[in-house]
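Engineer: sequence unknown, structure follows:
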């Protein structure tokens, strides 16, 4: 009996030991599997990285393009630049470049506040203003008037009224724009017509809050600047006009 108990105890001890070993193995195995799964997920799933497009866009510098103010020029052949050696030599282009403007030159030769042509056709200053697009215009420059000298002799009131209407049109159509008036000039001796028109343009400009620039007080168009055609000016003459305008509006 004692021998059986002893052997039975041995067997029981062995069984208990085996069960304990199995349980420990299962726990260890479970722990190993969990550790393995965690390490597997870590190695199987790549760590998050920055989006290539986001990184690339972050590296590209932002470039801001500054929009130039748009300057609308209306006038006669002097504003067109007739007699200059190239378009960039005309006074309006020189002024626009110096002031940092984008030039929109819609001047037409042979015109004035009253002077126009139906057959060509060419528009008076008021008509040029009404025909121009108002989109994006920041500055309006109305220049000239010397083609109205003959009409001024015949009917001064007609010309003076046209001058006033032109600046009123500019103010009403371009209420947020800066308006600049450049008075008449002449390659000849400054007479009563030139002075009368100069005064009329000055008064109309001031009434509409515009900046006025005189080209005859003092005279800009000196003899050495007159073109060989006897009417227009050379590159030097246009540069002198541009200098006068810039000095008065800057």
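Structural biologist: Thanks, I have it. In this text the structure is predicted, and so the values were computed from the model without any measurement.

Engineer: now the longest strand seen in the chain: mean pLDDT?
Structural biologist: Longest strand in the chain by number of residues, with DSSP state E as the criterion: strand 137-143. On average, the pLDDT along strand 137-143 is 99.

Engineer: and it, what does it pack onto?
Structural biologist: If you count contacts as 3 or more Cβ pairs under 8 Å, 6 or more residues apart in numbering; DSSP states H and E, strand 137-143 packs onto strand 70-74, helix 77-80, helix 91-99, helix 125-131, helix 156-173, strand 178-182. Heads up, the C-betas are built off the backbone N, CA and C, glycines and all.

Engineer: Residue 223: neighbouring residues, count only.
Structural biologist: As a burial measure, residue 223 scores 7 neighbours (other Cβ atoms under 10 Å).

Engineer: Report pLDDT for it.
Structural biologist: Reported pLDDT for residue 223: 97.

Engineer: Quick check: it vs residue 196, distance?
Structural biologist: With distances taken as Cβ to Cβ, to the nearest Å, residue 223 is found 23 Å from residue 196.

Engineer: Residue 243 now?
Structural biologist: Shown here: residue 243 relative to residue 196, a distance of 26 Å by Cβ to Cβ.

Engineer: do the same with residue 101
Structural biologist: Per Cβ to Cβ, residue 101 is found 31 Å from residue 196.

Engineer: Same drill for those two, tell me which one is more crowded.
Structural biologist: Neighbour count, other Cβ under 10 Å: between residue 101 and residue 196, residue 101 has more, with 20 against 17.

Engineer: Pull the contacting residues for the residue lying closest to that one once chain neighbours are set aside.
Structural biologist: Once flanking residues are discounted, residue 101 sits nearest to residue 71: 3.9 Å by Cβ to Cβ, 6 or more residues apart in numbering. By Cβ atoms under 8 Å, 6 or more residues apart in numbering, residue 71 lies in contact with 96, 99, 101-104, 137-141.

Engineer: who wins for most neighbours among those?
Structural biologist: Within those, residue 141 tops the neighbour count with 30 neighbours, counted by other Cβ under 10 Å.

Engineer: List the contacts of that one.
Structural biologist: The contact partners of residue 141, taken as Cβ under 8 Å, 6+ apart, are 71-75, 79, 92, 95, 179-182.

Engineer: Against residue 137, how distant is the most centrally placed residue in the chain?
Structural biologist: Nearest residue to the geometric centre of the chain (Cα atoms, centre = their mean): residue 67, 2.1 Å. Residue 67 sits 13 Å away from residue 137, going by Cβ to Cβ.

Engineer: and what of residue 78?
Structural biologist: 21 Å.

Engineer: Can you name the residues in contact with stretch 176-185?
Structural biologist: The contact list for stretch 176-185 (Cβ under 8 Å, 6+ apart) reads 72, 75, 78, 137-146, 148-149, 167, 170-171, 194, 197-198, 201-202, 204-205, 208-216, 219-221, 241, 245, 249.

Engineer: Give me the distance between the two termini of it.
Structural biologist: 28 Å (Cα to Cα, to the nearest Å).

Engineer: Kindly report the same for stretch 62-75.
Structural biologist: 41 Å.

Engineer: which of the residues in it are buried?
Structural biologist: Within stretch 62-75, the residues scored as buried using 16 or more other Cβ atoms under 10 Å are 70-75.
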